[in-house]
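Enquirer: Attaching a predicted model along with its sequence, questions to come.
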Amino acid sequence: MTNTLHRRGTPEDLGHDFVVFATIHGKADRPEVVEALRRFREIVARHDPVNRPEPNRGTYKDINTVEPSPAERGPSATFDDYAKVAAVIADLEAADLGISVNVSGPLGEVACACQAAGFTRHSVEHSLGIFGNKDRLPTADVLEISTLCGHGMVSHNISRRMIDLVKQGKLTIDQASEYLARPCTCGVFNKTRSKQVLDRARKLG
Amino acid sequence: MEIDKRKCVGCGNCIPWCTMGVISIGADNKAEVNVDECVECSNCYRVLRGEGHHPRAVRLARRVLAAFGLRYDQPIDRCPTGALVPPKLTWPRTLRRAFSDPLAPHEHTGIGGRGTEEIKTNDVTGRLGPGDVGFVVELGRPGLGARFRDFERMAMELAKVGVAFEPMNPLTALMTDRATGRFREDVLDEKVLSAIIELKTTMDRVPAVLETIDRVQRELPTVVSVGIASKCNPDGSIPHETVVKDLSYKLSCNGKTNLGLGRPQSASAGRA
């Protein structure tokens, strides 16, 4: 699962932000599904993603015991480059895995990639934005980082802290991005995007 | 989450990782969790590696360094003594973990994360067909959390517009009456990091749904992230786009695209 719908940023920044993920309807331990997921992981790995889920990230055996996941239901891969995503889409179409594949990212670019691969997209979901008590939300740069994990595991406070540590010169942008990506077990945290935000914040001082 | 006070040395490393910002240093100079606000996401426990040092040794080392005017801070992703303890949860608090911890699957759907498939499997299931529109109304994200009382408030108003709540959604499973959107009483005070009210309606009801969301969001203490979805036309165009723009809503340039590579369960489920 990804929850990547509400990522924030300028259209230019979002042009470097794609998440490709497989979702299984029904049982994920069927042999044909296990094989399709294996091939999905193989295909996305060939195209040099910037992030992927932690291997054996685990699941709950019961509500209090975590054990390695026997069958990963929703593998994903995060990319920062349109050409790579277009190639992934073409390869997945050719592989005919028979499982649902979604791409979170700029809708126009993804539609073009589908056309280039010789098919039209099936369904589309837009974000209409964030409403409600927005006065409680942090600044735009903090929000841009924390929404990179759709499950909200990258807290506003750790995003703020990392921005401060980078500004103070106590952490490099790369070190801070590694820390920030750690809570995101699904691997959809785009470190290229967080580096952009941290770099911008550092320059602004 | 619980803090083992016998082990905690009050380093404060756990504080910024807390997704709800509800860990602080108490009067005893040790970390404490605001239990009512904690959503049991276990993020602090997962991220902070427990070093397993003896608390006395850590305190002594600090005192010795301080005597020389020095200070040693653990790296930010370590708990020097392993003082964080995931508690055994009982109903209805178990819901906090099921909705807030991405590694915990929902018993109702068997799916982790927020427990929903949305349009992600629409190419297989055909849940949204021509003329249908799907809404995902997520409360609590980003970073504020929400109580089931807030979800009930929104769901009961949406129910009046004539929408169908998605049966395979863990929030729907907490409703005692899907026709009214009422939730079971014993869960209302529980808080989660976020959850998604997922519903299906028809294109002509989109204005009424959006008007309802707009009205209710003004009364809620939290934030509401809204998504809208539909099955594309044969030329790849998006049916809901014009309707939403006519209502002066701004559509995001990014979003989720179901490529249509899944094996359809029926002929109508596949691409238009």
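Expert: Right, received. Where do you want to start?

Enquirer: Quick check: chain neighbours aside, which residue is closest to B:Leu199?
Expert: Excluding its sequence neighbours, the residue lying closest to B:Leu199 (C-beta to C-beta, 6 or more residues apart in numbering or on different chains) is B:Val163, at 4.3 Å. All C-beta atoms are positioned from the backbone trio N, CA, C, and that covers glycine.

Enquirer: ok, A:Pro106 to A:Leu14 distance?
Expert: Using C-beta to C-beta, to the nearest Å, we find A:Pro106 at a distance of 6 Å from A:Leu14.

Enquirer: Mutual contacts of those two, please.
Expert: Shared contacts of A:Pro106 and A:Leu14 (C-beta atoms under 8 Å, 6 or more residues apart in numbering or on different chains): B:253-254.

Enquirer: Show me which residues of the longest helix seen in chain A are buried.
Expert: As assigned by DSSP state H, the longest helix anywhere in chain A is helix A:31-46. For helix A:31-46, the neighbour count (16 or more other C-beta atoms under 10 Å in any protein chain shown) marks A:33, A:36-37, A:39-41, A:43-44 as buried.

Enquirer: do stretch A:114-121 as well
Expert: Neighbour-count burial for stretch A:114-121 [16+ other C-beta under 10 Å]: A:114, A:117, A:119-121.

Enquirer: Show me which of these is closest to B:Pro264.
Expert: Looking at the buried residues of stretch A:114-121 and their distance to B:Pro264, the nearest is A:Phe119, at 13.8 Å (C-beta to C-beta).

Enquirer: Which parts of chain A are strands?
Expert: Counting by DSSP state E, the segments of chain A that form strands are A:18-23, A:59-62, A:65-67, A:76-79, A:100-106, A:123-132.

Enquirer: In terms of mean pLDDT, which of the ones you listed ranks lowest?
Expert: Lowest mean pLDDT within these: strand A:59-62, a mean of 47.

Enquirer: Tell me, what's the model's pLDDT at the most centrally placed residue in chain B?
Expert: Nearest to the mean C-alpha position of chain B, by C-alpha atoms, centre = their mean, lies B:Ser194 at 2.6 Å. We have a pLDDT of 95 for B:Ser194.

Enquirer: That one is in contact with B:Gly140, isn't it?
Expert: Yes: using C-beta atoms under 8 Å, B:Ser194 makes contact with B:Gly140 at a distance of 3.6 Å.

Enquirer: Identify the contacts common to these two.
Expert: A:152, B:146.

Enquirer: where does B:Arg78 land on pLDDT?
Expert: Listed pLDDT for B:Arg78 reads 92.

Enquirer: Against chain A, how distant is it?
Expert: The spacing between B:Arg78 and chain A, counted by C-beta to the nearest C-beta, to the nearest Å, is 12 Å.

Enquirer: how far away is the nearest residue to A:Cys112 once chain neighbours are set aside from B:Arg149?
Expert: Among residues not flanking A:Cys112 along the chain, A:Ala86 sits closest, at 7.6 Å (C-beta to C-beta, 6+ apart). In this view, A:Ala86 and B:Arg149 are 46 Å apart by C-beta to C-beta.

Enquirer: and these two? which has more neighbours close in?
Expert: A:Ala86 (21 against 15; other C-beta atoms under 10 Å in any protein chain shown).

Enquirer: isn't that one right next to A:Ala116, touching?
Expert: Yes: counting by C-beta under 8 Å, A:Ala86 touches A:Ala116, with 6.0 Å between them.

Enquirer: Show me where chain B dips below the pLDDT cut-off.
Expert: Counting by pLDDT under 70, the ranges of chain B that qualify are B:107-115.

Enquirer: got the residues of the stretch 51-200 of chain B near chain A?
Expert: Within the stretch 51-200 of chain B, the residues that sit near chain A (C-beta under 8 Å from any C-beta of the partner chain) are B:76-77, B:86, B:88-89, B:94, B:97-98, B:102-105, B:111-125, B:128, B:134, B:136, B:138-144, B:193-194.

Enquirer: Mind giving me the ChimeraX command for buried ones among those residues?
Expert: Applying 16+ other C-beta under 10 Å to these, the buried members can be selected in ChimeraX as follows:
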select /B:76,86,94,97,98,102,103,104,105,111,112,113,114,115,116,117,118,119,120,121,122,123,124,125,128,134,136,138,139,140,141,142,143,144,193,194
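
Enquirer: show me where chain B has helices.
Expert: For chain B, helices defined by DSSP H occupy the ranges B:43-47, B:55-67, B:94-100, B:122-125, B:148-161, B:206-217, B:240-246.

Enquirer: From the ones you listed, pick the one with the highest average neighbour count.
Expert: Per-stretch averages of neighbours, counted by mean count of other C-beta atoms under 10 Å in any protein chain shown, single out helix B:122-125 among the helices of chain B, with a mean of 26.

Enquirer: how near is the nearest residue to A:Glu178 once chain neighbours are set aside to A:Ser127?
Expert: Leaving aside its sequence neighbours, A:Glu178 sits nearest to A:Lys191 (C-beta to C-beta, 6+ apart; 7.4 Å). Going from A:Lys191 to A:Ser127 by C-beta to C-beta gives 22 Å.

Enquirer: what do you get for B:Val136?
Expert: The gap separating B:Val136 from A:Ser127 is 9 Å, by C-beta to C-beta.

Enquirer: which neighbours do those two share?
Expert: Common neighbours of B:Val136 and A:Ser127 are listed as A:5, B:226-227 (criterion: C-beta under 8 Å, 6+ apart).

Enquirer: Quickly list the domain ranges of the chain.
Expert: Picked chain A for this. Domain ranges of chain A: A:11-116, A:134-204, per automatic domain parsing.

Enquirer: Wait, chain B was what I had in mind.
Expert: Listed domain ranges for chain B are B:2-85, B:110-251 (source: automatic domain parsing).

Enquirer: Compute the number of surrounding residues for the residue lying closest to B:Pro142 once chain neighbours are set aside.
Expert: Take B:Pro142 and drop its neighbours on the chain: the residue closest to it by C-beta to C-beta, 6+ apart is A:Thr147, 5.3 Å away. Counted with other C-beta under 10 Å, residues neighbouring A:Thr147 total 25.

Enquirer: Torsion angles phi and psi at A:Thr147?
Expert: Main-chain dihedrals, A:Thr147, degrees, to the nearest 10: phi -80, psi 0.

Enquirer: now it: how far from B:Ser225?
Expert: For A:Thr147, the distance to B:Ser225 - C-beta to C-beta - is 9 Å.

Enquirer: ditto for A:Asn3
Expert: Distance from A:Asn3 to B:Ser225, by C-beta to C-beta: 9 Å.

Enquirer: Compare neighbour counts for the two and give me the winner.
Expert: Using other C-beta under 10 Å, the more surrounded residue of A:Asn3 and B:Ser225 is A:Asn3, with 28 against 23.

Enquirer: surely that one meets A:His151?
Expert: Yes: A:Asn3 lies in contact with A:His151 (C-beta under 8 Å); the separation is 5.7 Å.

Enquirer: residue contacts, A:Asn190?
Expert: By C-beta under 8 Å, 6+ apart, the residues touching A:Asn190 are A:16-17, A:19, A:50-51, A:78, A:80, A:148.

Enquirer: what do A:Asn3 and B:Ser225 both touch?
Expert: The contact lists of A:Asn3 and B:Ser225 share B:Arg141, where a contact means C-beta under 8 Å, 6+ apart.

Enquirer: A:Glu93 reaches A:Arg121, doesn't it?
Expert: No: with contacts counted by C-beta under 8 Å, A:Glu93 stays clear of A:Arg121, the gap being 11.5 Å.
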